[in-house]
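Asks: give the three-dimensional model of this entry:
(chains A and B)
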Amino acid sequence: NAGVTQTPKFQVLKTGQSMTLQCAQDMNHEYMSWYRQDPGMGLRLIHYSVGAGITDQGEVPNGYNVSRSTTEDFPLRLLSAAPSQTSVYFCASSKPQGTENYGYTFGSGTRLTVV
Amino acid sequence: AQTVTQSQPEMSVQEAETVTLSCTYDTSESDYYLFWYKQPPSRQMILVIRQEAYKQQNATENRFSVNFQKAAKSFSLKISDSQLGDAAMYFCAYRRTGNQFYFGTGTSLTVIP
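Replies: Numbers count the residues shown, from 1 in each chain, chains lettered A, B, ... in the order given. The predicted structure is shown next:
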């Protein structure tokens, strides 16, 4: 099925470890983004991209890196995991405004625990 | 800065009744888009309904409708004939020109049988 594929679904890391959350979409969406969801805080934007080769920081970028070498893929890297990064992470993609289906399509989320 | 406020952390409704979830937002833009997303216990984010700011007519999707008050910067969601499957966290979202989305903190809806 077409959509946003996000892996892994669950991950436990030790403090200081690094890892990459994978995100891929097959809808030819230009806009992709990463959010973290914490209780009582809604979804907060980490990084986003408006197209291949273009990325920018969101509200809470510290401790995370992204790259966008292709339209399809937008991985999120945790450089040195900290307990404060324990959260649920969502990848989302969309078409630009003014086109059909300009709402977000979300991945299924990754529950990350840093111990 | 754009902010989205959902002032009701929790709401409950009797099955088959109607419930309204509130959302307000702050913006200086005139052209933007508003959304309601549903997140059931499965964690999947599901688009419920969307509204373009330039449209005066309120959006409707089956049992879901919105009350969009542009001047008041208000975007409430009405769920009619509530069903057990409507129990979820609901997020209001704003999309500005330039593509960024902003989300509220969510309202947890309980449906009482």
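
Asks: which SS state does the spatially closest residue to residue A:35 that is not a sequence neighbour fall under?
Replies: Nearest residue to residue A:35 in three dimensions, chain neighbours excluded: residue A:43, at 4.2 Å (Cβ to Cβ, 6 or more residues apart in numbering or on different chains). Any C-beta I mention is one placed from the backbone N, CA and C, and that applies to glycine too. Following DSSP: H, G, I helix; E, B strand; the rest coil, the label given to residue A:43 is strand.

Asks: list the contacts for residue A:43?
Replies: A:35, A:36, A:37, A:90, B:91, B:103 (Cβ atoms under 8 Å, 6 or more residues apart in numbering or on different chains).

Asks: dump those residues to TSV, plus neighbour count, pLDDT and secondary structure.
Replies: Formatted as TSV, those follow (neighbours: other Cβ atoms under 10 Å in any protein chain shown; pLDDT from 0 to 100; DSSP: H, G, I helix; E, B strand; the rest coil):
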residue	neighbour count	pLDDT	secondary structure
A:35	27	96	strand
A:36	23	96	strand
A:37	21	95	strand
A:90	26	97	strand
B:91	24	96	strand
B:103	22	93	strand
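
Asks: could you say which helix or strand holds the closest residue to residue A:7 other than its chain neighbours?
Replies: What sits nearest to residue A:7 in space, not counting adjacent residues and going by Cβ to Cβ, 6+ apart, is residue A:22, at 4.7 Å. Using DSSP states H and E, residue A:22 falls within strand A:19-25.

Asks: and the contacts of residue A:43, which is closest to residue A:2?
Replies: Sorting the contacts of residue A:43 by how near they are to residue A:2, with Cβ to Cβ, puts residue A:90 at the top with 17.6 Å.
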